[in-house]
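Trainee: Build me a structure from this.
(one chain, ligands or ions: 3)
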Amino acid sequence: ALNDSTEENELAVPPLLEPKDGSYPITAQQGTTELFEGIQTETYGYNGSFLGPVIRIKRGDAVTFKTRNGLTEPTTFHWHGLDIPGKGDGGPHQIIEPGETKYVKFTVNQEASTLWFHPHQKGITAEQVYKGLAGLIYVEDENSQKLGLPDHYGVNDFPLVFQDRQFDDKNQLNFKAVHNDDGTIGNTLLVNGTLNPKLTVGAEKVRLRLLNGSNARNYTFKLNTGDSFQQIATDGGFLNEPLEMSEITLTPGERAEIIVDFSRQKSDSDIALLNEEDTILLPFKVKKEQTNSAELPESLNDYKVTDEERSLSVSKRLELFGMGKHVTINKKQFDMNRIDFTQKQGETEIWEVYNKPDPMGGMIHPFHIHGTQFKIVSIDGEDPPEILQGWKDTVAIEPGQTVKLAVKFKNKGIYMYHCHLLEHEDNGMMGQVEVN
Ligand code: C2O
Ligand code: CU
Ligand code: CU
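Mentor: Numbering: from 1, shown residues only. Ligands and ions are numbered 1, 2, ... in the order given. From the prediction side, this is the model:
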């Protein structure tokens, strides 16, 4: 079971980061966190001892991140899902040494979405994320501000970062002891870094921004009541309309925004988000007073795959293969000094990504591209399901599947693409595209 104890803690809601002297200060640091009563667990965090804040930015804004490495080892600051020039993307080339500070400047040029940030230090990304380096970025735009969706942060709009961890007999995160080359899996769930969490909500529609921030575990979210919920957003923006869903699956790195209507709950019923096999992910406590009861808008966005994009032929082919230490893309492992592909800024290309099964059957690889949001044109030649008809930066590819992506970079630079199972990334299931 992911959740053993019956003692529940109110879910931590990360602070919203305020700019200081014109920039958002973000410091990676190490510390200790009291996850278990009376016990200090050694952890990493941004601007605190564990996990990080939410950075809220708006389309059109000129933004500066002041990144600082307060750790005793090198790290990088990568902005997952952000359209940003390659030199600020925070891939493995952009190392920040202990004690160093670096400014990252860019103009927000993408639609409203829930993104995140985490380190990308070569070979130790999995370990640094596992210890607690992860935060969220909310992008807002004119559309998101006029739709009338629940957007009262920490009241009816909550980030939910799902991560599984394994604590040793001293309640420490001993990554090296539990590390697995096909993905480190833990038996203990944390949501926003809270152990055995519960979330108190009003009897109203509540927006939950789900991030699978785990190294390797997949989650299938559903409600214990059997009720459906509305999915409103994918990784990189709103769906065209709210989609009624009874469950959704997220692989590592993926996000979804959902609306759960707690006014429909019978007052005495317990409601909770469950995972597969009905393990509890997050129980809710519903306060009785009815608050906002506004209907959801019918139309949220105008995303589409154009005829032109459909008519383009494949110009990049990628083959994902292998397991453990032997993971490859196009039969190669990551090399910092090798550019695998080039692409022109502003030009759309079709990337065909094939997950080649190995003799053991292979495994799902969540395939991610830096510095862009892409469109899924087809999966095995068919239109993707409706929940994937929206901007994505990470797509789960099953063994034997072929996915066609329409990929365009708005900026120049060198960007990574890789499996977001973090141990596969560290083991070299990653390549580089240079955009010029
Ligand atoms: Cu979440 Cu290389 O990224
Ligand atoms: Cu990324
Ligand atoms: Cu993988």
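Trainee: alpha carbons only for contacts and neighbour counts from here, please
Mentor: Noted.
Trainee: what residues are up against the residue in the stretch 151-300 of the chain that ligand 3 sits nearest to?
Mentor: Residue nearest to ligand 3 within the stretch 151-300 of the chain (Cα to the ion): residue 182, separated by 7.4 Å. For residue 182, the contacting residues are 216, 323, 324, 325, 421, 423, 424, by Cα atoms under 8 Å, 6 or more residues apart in numbering.
Trainee: Give me the distance between whichever residue of the stretch 301-436 of the chain sits closest to ligand 3 and residue 82.
Mentor: At 3.9 Å from ligand 3, residue 365 is the closest residue in the stretch 301-436 of the chain, using Cα to the ion. According to Cα to Cα, to the nearest Å, residue 365 stands 21 Å off from residue 82.
Trainee: can you check residue 174 too?
Mentor: The gap separating residue 174 from residue 82 is 31 Å, by Cα to Cα.
Trainee: higher neighbour count, these two?
Mentor: Neighbours were counted for residue 174 and for residue 82 using other Cα atoms under 10 Å; residue 82 has more, 24 against 17.
Trainee: what number of residues lie near the residue lying closest to the more buried one once chain neighbours are set aside?
Mentor: Distances taken as Cα to Cα, 6 or more residues apart in numbering put residue 371 closest to residue 82, at 5.6 Å, once the chain neighbours are dropped. Residue 371 has 29 neighbours, counted by other Cα under 10 Å.
Trainee: what about the helices in the chain?
Mentor: Remark: helices assigned in the chain by DSSP state H are 125-131, 142-146, 175-178, 307-311, 422-426.
Trainee: if you compare the ones you listed, which one is most tucked away?
Mentor: helix 422-426 (a mean of 27; mean count of other Cα atoms under 10 Å).
Trainee: Please put the alpha-carbon coordinates of stretch 294-310 into CSV.
Mentor: Output of stretch 294-310 as CSV, limited to C-alpha atoms (Å, rounded to 0.1, in the frame of the first residue of the first chain):
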residue,chain,number,x,y,z
ALA,A,294,-20.6,28.9,-11.3
GLU,A,295,-20.8,26.5,-14.3
LEU,A,296,-17.7,25.7,-16.1
PRO,A,297,-17.3,27.4,-19.5
GLU,A,298,-18.2,25.2,-22.5
SER,A,299,-15.2,26.4,-24.5
LEU,A,300,-11.7,26.7,-23.2
ASN,A,301,-9.3,26.8,-26.1
ASP,A,302,-9.0,26.5,-29.9
TYR,A,303,-6.3,23.9,-30.2
LYS,A,304,-6.1,21.9,-33.4
VAL,A,305,-3.8,19.8,-35.5
THR,A,306,-4.0,21.6,-38.9
ASP,A,307,-4.3,19.9,-42.3
GLU,A,308,-0.9,21.3,-43.1
GLU,A,309,0.6,19.6,-40.1
ARG,A,310,-1.1,16.3,-41.1
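Trainee: just use 55 as the starting number from now, easier for me
Mentor: New numbering, starting at 55: the last item is stretch 348-364.
Trainee: Could you tell me how far that stretch lies from the centre of the chain?
Mentor: Relative to the centre of its chain, stretch 348-364 is centred 22 Å away, using Cα atoms, centre = their mean, to the nearest Å.
Trainee: ditto for stretch 472-489
Mentor: 15 Å.
Trainee: Also stretch 377-384?
Mentor: 22 Å.
Trainee: Briefly note if it comes near ligand 3.
Mentor: No. Counting by Cα under 5 Å from the ion, no contacts exist between stretch 377-384 and ligand 3, the nearest distance being 7.3 Å.
Trainee: one step back: burial check on the residue of the stretch 355-490 of the chain closest to ligand 3, number of neighbours?
Mentor: 24.
Trainee: Contact partners for it?
Mentor: So residue 419 contacts 374, 409, 450, 451, 452, 473, 474, 475 (Cα under 8 Å, 6+ apart).
Trainee: With residue 316 instead?
Mentor: Residue 316 neighbours (Cα under 8 Å, 6+ apart): 255, 256, 257, 258, 259, 260, 340.
Trainee: swap in residue 293?
Mentor: 285, 286, 287, 354, 355, 356, 357, 441, 443, 444.
Trainee: again with residue 66
Mentor: Contacts for residue 66 (Cα under 8 Å, 6+ apart) come out as 246, 247, 248.
Trainee: Can you tell me the closest non-neighbouring residue to the first one?
Mentor: Right, the one you point to is residue 246. Going by Cα to Cα, 6+ apart, residue 246 has residue 215 as its nearest residue, at 4.9 Å.
Trainee: swap in residue 462?
Mentor: residue 402 (4.5 Å).
Trainee: One more: residue 371?
Mentor: Nearest to residue 371 is residue 406, by Cα to Cα, 6+ apart, at 4.9 Å.
Trainee: and if you look at residue 268?
Mentor: According to Cα to Cα, 6+ apart, the nearest residue to residue 268 is residue 217 (4.4 Å).
Trainee: Tell me how many other residues surround the one you found.
Mentor: Neighbours of residue 217 using other Cα under 10 Å come to 27.
Trainee: Surely it and residue 249 touch.
Mentor: No. Applying Cα atoms under 8 Å as the test, residue 217 and residue 249 come out as separate, 10.3 Å apart.
Trainee: Residues that sit against both of the two, list them.
Mentor: Common neighbours of residue 217 and residue 249 (Cα under 8 Å, 6+ apart) are residue 243.
Trainee: For residue 255, give me its contacts.
Mentor: If a contact means Cα under 8 Å, 6+ apart, then residue 255 has 209, 210, 316, 338, 339, 340, 341 as its contacts.
Trainee: Which strand residues bridge the residue lying closest to the first one once chain neighbours are set aside?
Mentor: Read that as residue 209. Excluding its sequence neighbours, the residue lying closest to residue 209 (Cα to Cα, 6+ apart) is residue 255, at 7.1 Å. Beta-bridge partners recorded for residue 255 (DSSP bridges): residue 340.
Trainee: Under the pLDDT cut-off, which ranges of the chain? List them.
Mentor: 55-60, 320-323, 344-346 (pLDDT under 70).
Trainee: By proximity to ligand 2, which residue of it wins?
Mentor: Counting by Cα to the ion, the chain gets nearest to ligand 2 through residue 134 (3.6 Å).
Trainee: Against ligand 3, how distant is that residue?
Mentor: 17 Å (Cα to the ion, to the nearest Å).
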